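J.: how would this look folded up:
(4 chains)
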Number of protein chains: 2
Amino acid sequence: MNDTFQALSSTVRRKILAYLSKTDLTAGEISDRFEMSKPALSKHLSILMNAGLIQGDKKGQFVHYSLVKENLFANMNDFLVNFCPQGRPLKMESAELAKNKNSSE
Amino acid sequence: MNDTFQALSSTVRRKILAYLSKTDLTAGEISDRFEMSKPALSKHLSILMNAGLIQGDKKGQFVHYSLVKENLFANMNDFLVNFCPQGRPLKMESAELAKNKNSSE
DNA sequence: TAAGTATTTAACTAATAGGTTAATTATATC
DNA sequence: GATATAATTAACCTATTAGTTAAATACTTA
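T.: Have a look, this model is predicted:
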C-alpha cells in the first residue's frame, strides 16, 4: 500500500492518471503534455506501473499506457479528480483525445 | 492533496491512524507502541497533523492526539485498514484502549 | 543496411525524508 | 525553587526522490 500512496502523492502522477481516465495514450503523447524530459516522465510511468495503477502495452515501437480499471485506487483518483481544480480539464482533454482516436480508426 | 497521500504512504503513519481509530492517545502512548525514538515519532505526528488527518490538544504536559473524523482520507484509511493484515489487530487494540480509558474515568 | 523515431536505462546532482542524539520548552510535584 | 516528566526542536547523517543529459535498445522505413 505504501507504493500506491507514494505513487499518488505526486501532482504529475495524478495528472497522468487523469489524462488516462478516458483514453489510452502512448508514452510520447503523455510526455508531450508535461514540461519535463522524457526520461523523467518515463520514471513517473514506471512508478505508476509498479503501484499497479497503470499498465503498458508495447505495440511496435510505441508503448500504450492505460489505467488498470480494476484498481481501487485508480478508481478513487478518477473520482477525486472531479473535485480538484486541475483535474477536470485534464479529464475533459482525455475525453477529447478518446474521441479523436476513435474517429481516426 | 500531495501532503495527504504522502502522509498515508508510510506504514508507521497508517498504523498511528489505526491506533487512533477508536480512541484518543497521547504522544507518549503512541510512541510506546513503536520501536523508534520519540522525536522520530513526533515528526510522524506532525506530518499527519499537517495533512489534516489528526489533531493534537494540549492538556497540561500531555498532548492528546485524535483522528480528524471529518477528513475523507482518515475515513478511507479506517475503512482500508480492515483489509490490511496488520491493520485489524491495531484497530482492536485501539478499541481495548478506549474501553480502559472509559472505565477509568 | 543505414538513418530516424520511441522509449528506457545509466550516471549524475540537488532536494527531501526519515532516522539518530542532545538540547529546549512547558508543566507537574516535592 | 529544584527536580522529574512529556513533548518538541535543533543539528546532524544517510537513503531516497525527482530531475537532468547522454547512451542504449528496439522498432520502422527509405
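
J.: looks to me like A:Leu48 is in a helix.
T.: Yes. Per DSSP: H, G, I helix; E, B strand; the rest coil, A:Leu48 lies within a helix segment.

J.: number of nearby residues for it?
T.: The tally of other residues near A:Leu48 (other C-beta atoms under 10 Å in any protein chain shown) stands at 27. Every C-beta, even on glycine, is put in place using the N, C-alpha and C of the backbone.

J.: repeat that for A:Lys101.
T.: Using other C-beta under 10 Å, A:Lys101 is surrounded by 14 other residues.

J.: check whether whichever helix in chain A runs longest contacts DNA strand C.
T.: Longest helix in chain A, counting residues (DSSP state H): helix A:87-103. No. Looking at helix A:87-103 against DNA strand C by C-beta under 7 Å from any atom of the strand, there are no contacts, and the closest approach is 13.9 Å.

J.: quick one: is that helix near chain B?
T.: No. Contact between helix A:87-103 and chain B, assessed by C-beta under 8 Å from any C-beta of the partner chain, is absent, since the two come no nearer than 9.6 Å.

J.: show me what that helix is packed against.
T.: Contact here means 3 or more C-beta pairs under 8 Å, 6 or more residues apart in numbering or on different chains; DSSP states H and E; on that basis helix A:87-103 packs against helix A:11-19.

J.: can you list contacts of the helix it packs on?
T.: Defining contact as C-beta atoms under 8 Å, 6 or more residues apart in numbering or on different chains, one finds that helix A:11-19 is touched by A:7-8, A:25, A:30, A:33-34, A:36, A:44-45, A:47-48, A:53-54, A:67, A:74, A:77-78, A:81, A:84, A:86-87, A:90-91, A:93-94, A:97, B:1-2.
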